[in-house]
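1. structure for this input, please:
(one chain, ligands or ions: 1)
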Amino acid sequence: KTVYVLNGPNLNLLGTREPQVYGSQTLADVEQLCTEACARHGFTLVFRQSNHEGALVDWIHEAGRLHAAGQLAGLVLNAAAYTHTSVALLDAVKGTGVPLVELHISNVHAREAFRHHSYLSGVARAVMCGFGVQGYALAIDGLAQW
Ligand code: DQA
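-> I've put the predicted structure just below:
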């Protein structure tokens with residue numbers, strides 16, 4: 001089965017972006033963590049990042065087609081700032097029925113109030129936040145138990 005790991009806006013800046021919040025590892029390092037986690041479980045990994053909401057919608061639909069074919073283990077989505085703004089991403093998850101892990105590197109609940117609400121949590125099977133980039137590997141280990 002395949003695991004989709006999708007990353008939203010500004011996550012291409014990981015490593016240099018607010019390192020006190022997000023750590024010093026880069027998105028390439030995160031991809032490596034995910035590759036290793038998927039290898040542990042025999043999953044194929046699709047790992048992507050975009051700053052564009054519509055690209056994320058298209059990729060959720062792509063994951064949805066795999067889901068419909070019984071070939072998707074799960075979608076790990078760090079929608080970044082779109083978490084707090086995007087009805088389009090919510091509708092994409094709802095419309096495809098993909099099994100979703102919502103992920104945040106930081107503990108969004110310990111941060112500004114505008115980060116406390118997520119459009120995605122209500123349609124997520126699981127929410128991972130605050131474990132730093134290690135959360136990606138933990139999320140893949142978790143969905144392997146579904
Ligand atoms: C984030 C948290 C969001 O509030 C923020 O907009 C991000 C990253 C995280 O991984 O902690 O860009 O999703």
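2. quick one, strands of this structure?
-> Using DSSP state E, the strands of the chain run over residues 2-7, 44-49, 72-78, 100-104, 126-129.
3. the ligand contacts on the chain?
-> N10, N78, A80, A81, T83, H104, I105, S106, V108, R115 (CB under 6 Å from any ligand atom). No exception for glycine: its C-beta is placed from N, CA and C like everyone else's.
4. what's the burial count for the nearest residue to G122 once chain neighbours are set aside?
-> Residue nearest to G122 in three dimensions, not counting chain neighbours: L90, with 7.8 Å by CB to CB, 6 or more residues apart in numbering. Neighbour count for L90, taken as other CB atoms under 10 Å: 18.
5. any chance of the strands of the chain in JSON lines, with mean pLDDT too?
-> Formatted as JSON lines, the strands of the chain follow (pLDDT from 0 to 100):
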{"stretch": "strand 2-7", "mean pLDDT": "99"}
{"stretch": "strand 44-49", "mean pLDDT": "99"}
{"stretch": "strand 72-78", "mean pLDDT": "98"}
{"stretch": "strand 100-104", "mean pLDDT": "99"}
{"stretch": "strand 126-129", "mean pLDDT": "98"}
